[in-house]
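Colleague: need a 3D model of the sequence below.
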Amino acid sequence: MSKTLHLSDSYGRLSWREAGQGAPVVLIHGVGMQSAAWEPQIAALSDRYRVIALDMPGHGGSGRLRGVAALPDFVDWLHVALTALDLGPVSLAGHSMGALIAAGYTVTHQKMVVRVALLNGVFRRDASARAAVEARAAEIRAGVVDMEAPLARWFGDDAADRPVREKVSHWLRAVDLQGYATAYAAFACGDRTYADRFGDIACPLLAMTGEGDPNSTPEMSRSMAAAAQYGRAVVLKGHRHMINLTAAEEVNRELLHWLNRSATQEEMT
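Modeller: Prediction:
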């Protein structure tokens, strides 16, 4: 069920999807997507948990952030949103840009996060990857928006992925372009913002990506897991960037495993 709430004059409207009852699990999507991209996870997790999938600022039904925004501004938005929803400590999962927000929130508000899952997250890009993503961000800010390029990066040629690709294409083409440009600029520069603080993360951390993801690479997921105190990396063979959709059953299984483990259990495995 989709819901809305006015956060404040600064943050405007918050939109989210919610299902289930129990301990809260908060999901944050990536740039150009919306909360509907979490449909397989909402369906799988809401039998046991209260699942809240947020529309990121400038996406879905949520209002834009004002002016130029960096990753910490999105982290601040998340804190305002979770406070307004009165959720208390949560299990927090993010995909792509959502993973950057989730990681930043975990290191800055540790008492608010029980565990964190980072799907297709980016971490310390190398020089060539950084140059490429910053060039794309500059093009988007200038109004040059190529929606086919991300689809080509995110999906292979597998016919089984075509229905998912069509859904993702629809969400991309429906996005508010100013909100998209603001989020992409923060995404392009956010891979190092909180990287040096991963060692402070004392809750269970799951870092998961697709084996064929060229930008959110397996090496990045392994590095994030290694940097955290109780990190675990999972790499899904035969998949790229949209693993929560193309490998929904595997992702759901890993998320349920993550939700049922404590920091002590992570240390022992």
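
Colleague: so where's the chain uncertain?
Modeller: 1, 262-269 (pLDDT under 70).

Colleague: all helices for it, in order.
Modeller: All helices of the chain, identified by DSSP state H, fall at 39-45, 71-85, 97-108, 127-141, 148-154, 162-174, 177-189, 218-227, 243-246, 248-259, 263-268.

Colleague: can you lay out those as TSV showing distance to Leu205?
Modeller: Glycine gets a C-beta too; all of them are placed from N, C-alpha and C. Output for the helices of the chain, formatted as TSV (distance: least, CB to CB, whole Å):
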stretch	distance to Leu205
helix 39-45	18
helix 71-85	16
helix 97-108	8
helix 127-141	22
helix 148-154	24
helix 162-174	26
helix 177-189	20
helix 218-227	6
helix 243-246	17
helix 248-259	9
helix 263-268	8
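
Colleague: beta-bridge partners for the residue lying closest to Glu254 once chain neighbours are set aside, please?
Modeller: Nearest residue to Glu254, sequence neighbours excluded (CB to CB, 6 or more residues apart in numbering): Val234, at 5.5 Å. With DSSP bridges as the criterion, Val234 is bridged to Met208.

Colleague: before we move on, the earlier item: any chance of the helices of the chain in JSON lines, plus distance to Ala53 and mean neighbour count?
Modeller: What follows is the helices of the chain, written out as JSON lines (distance: least, CB to CB, whole Å; neighbours: other CB atoms under 10 Å):
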{"stretch": "helix 39-45", "distance to Ala53": "6", "mean neighbour count": "19"}
{"stretch": "helix 71-85", "distance to Ala53": "12", "mean neighbour count": "19"}
{"stretch": "helix 97-108", "distance to Ala53": "10", "mean neighbour count": "26"}
{"stretch": "helix 127-141", "distance to Ala53": "24", "mean neighbour count": "15"}
{"stretch": "helix 148-154", "distance to Ala53": "19", "mean neighbour count": "15"}
{"stretch": "helix 162-174", "distance to Ala53": "13", "mean neighbour count": "14"}
{"stretch": "helix 177-189", "distance to Ala53": "16", "mean neighbour count": "21"}
{"stretch": "helix 218-227", "distance to Ala53": "22", "mean neighbour count": "20"}
{"stretch": "helix 243-246", "distance to Ala53": "11", "mean neighbour count": "25"}
{"stretch": "helix 248-259", "distance to Ala53": "13", "mean neighbour count": "17"}
{"stretch": "helix 263-268", "distance to Ala53": "25", "mean neighbour count": "12"}
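
Colleague: I appreciate the help and will end here.
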